[in-house]
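Engineer: Predicted model, plus sequence, below.
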Amino acid sequence: MDHDANAAKMEEFLRLLGEHERSLSAYVHTLVNAAADADDILQECRVVLWRQFAESKFEPGTNFLAWARKIALHQILNYRRSQKRRPLSALDQTFIESVAAEIDHRSPDLERRAEALRHCLRKLPQGHLQTIAWRYYDDCPVEEIAGKTQRTEGAVYRLLSRIRQVLSECVTRTLTASSQP
């Protein structure tokens, strides 16, 4: 393969990986308890994905995320088998494969809900968005948010509850509107 073709292949891989990275990460983190283990598996998964992509084992035009999830599932199972302190039992493997199949089955609905949530988050006032970011993205404790916003902890809990309610209603309305012809 010449340099230009190789560069084009790498660009296409990086574009597809970038487009589906968050979903792939969520998939692995759902199936692996320890965040550090999930991160290790994701790193190895990226290497395997690139190797197989470069060897033309991905069919262009097909579902990249489904292909990547199959590879990730194999990486998870291999990782679990290699753990000396807790070998993978047949029950564990069956359970992981069942959960993975359920995630694959629900994936289109989850992606629609995630897009609706992103749409609804953009509608929040800046202060509410900041509070959500501190709590759920930065994993700040409520006590810390209370200090940052000069509110009581109870007021922060109530605010978070109201924001979640607003987001839930917005997501429901958005999904209902998008499913109507």
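Structural biologist: Ah, there it is. Residues are numbered from 1 along each chain as shown.
Engineer: Next SSE downstream of the helix or strand of the chain with the lowest mean pLDDT?
Structural biologist: For the chain, using mean pLDDT, DSSP states H and E, the weakest element among its helices and strands is helix 90-123, scoring a mean of 68. Heading C-terminal from helix 90-123, the first helix or strand you meet, by DSSP states H and E, is helix 126-132.
Engineer: mean confidence score for that following helix?
Structural biologist: For helix 126-132, mean pLDDT is 89.
Engineer: roughly how far apart are the residue nearest the centre of the chain and residue 136?
Structural biologist: Centroid-nearest residue in the chain, with Cα atoms, centre = their mean: residue 26, separated by 2.6 Å. Applying Cβ to Cβ, to the nearest Å, the value for residue 26 to residue 136 is 14 Å. Every C-beta, even on glycine, is put in place using the N, C-alpha and C of the backbone.
Engineer: buried ones in the helix or strand the residue nearest to the centre of the chain falls within?
Structural biologist: Using DSSP H and E, residue 26 maps to helix 3-31. Buried residues in helix 3-31, defined by neighbour count with 16 or more other Cβ atoms under 10 Å: 9, 13, 16, 17, 20, 23, 24, 27, 28, 29, 31.
Engineer: Of those residues, which is the nearest to residue 173?
Structural biologist: Nearest to residue 173 out of these is residue 23 (Cβ to Cβ; 23.9 Å).
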